[in-house]
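Visitor: sequence and predicted model, in that order:
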Amino acid sequence: MAEGVGHDVGFQALMFMLLYCHDLGVKYITVYAFTIDNFRVKPEEVQRPMDLMMEKIKLLRENESFVHQKQVRVHSAGNLELLDPSLRDAAKRLMEVTASYSKVVVTFCVAYTSTDEIVHAVRESCEEKCNQIEDQAKDVKLNLMDVEKQMYMVIAPDPDILIRTAGENRLSNFRLWQSFSSQLGSTAVLWPAIALWHLVWAVLDFQRNHIYFEKKKEADVTSD
């Protein structure tokens, strides 16, 4: 297989999955596109997915693209300061041009890990509280909502389903804060081979267990 072909096929599979989700009425979709840990590999191994992201962002910005036809809001979540300035600016521009859409919200986690997200949220909320203390000259308490509103993923609700390919059953530092009551679906196929029936099976399995998960959420809230 020629260099980069795998990434291109993976992106094509992603576009099909987004279309399937749209047709099934799934409003919020999050894609783990590039973890911070990936920056540790050889520079040339990082550059290819970066180039692909830039290429695909430009395609998605075109007027006839999927995001405009289906009114898809695109959001990039993660430590975007780690990205090349040109890629970071392109990602922000795509967020701006789709900000008015609301039928589907797709979040691409880029330069992301859940632990980094948590550290970022705690740091930002602490700084905010410190500023309030200085302004008000009185005690200010830090609560859960203060931290959660600083999360990269604040744009989307907690996920109902997390789908892993390649037979994986671990979260791999993805949405650890938000997935305490999510259903994990695992399929043996690699990402490029994922198909509609894998998604439908995950949705049907979630619907079968939905009442149980809702009762569990209620129990967790009550115990808190």
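Guide: Ah, there it is.
Visitor: residues contacting residue 15?
Guide: Contact partners of residue 15, counting by CB atoms under 8 Å, 6 or more residues apart in numbering, are residue 66. Every C-beta, even on glycine, is put in place using the N, C-alpha and C of the backbone.
Visitor: where does it sit, in terms of helix or strand?
Guide: When elements are assigned from DSSP states H and E, residue 15 belongs to helix 5-24.
Visitor: distance between that helix and the chain's centre?
Guide: In this view, helix 5-24 has its centroid 15 Å away from the chain centroid, taken as CA atoms, centre = their mean, to the nearest Å.
Visitor: mind checking how far the residue nearest to residue 132 when sequence neighbours are not counted is from residue 122?
Guide: Computed as CB to CB, 6 or more residues apart in numbering, the closest residue to residue 132 that is not its neighbour in sequence is residue 140, at 4.7 Å. Distance of residue 140 to residue 122, given as CB to CB, to the nearest Å: 15 Å.
Visitor: picking up where we left off before, quick check: the residue nearest to residue 132 touching residue 133?
Guide: Yes. Taking CB atoms under 8 Å as the definition, residue 140 is a contact partner of residue 133 at 5.1 Å.
Visitor: show me what the lowest-mean-pLDDT helix or strand in the chain is packed against.
Guide: In the chain, no helix or strand scores lower on mean pLDDT, DSSP states H and E than helix 196-223, which sits at a mean of 80. Counting contacts by 3 or more CB pairs under 8 Å, 6 or more residues apart in numbering; DSSP states H and E, helix 196-223 packs against helix 5-24, strand 161-164, strand 183-186.
Visitor: name the residue closest to the centre of this structure, please.
Guide: By CA atoms, centre = their mean, the chain has its centre lying nearest to residue 30, at 3.4 Å.
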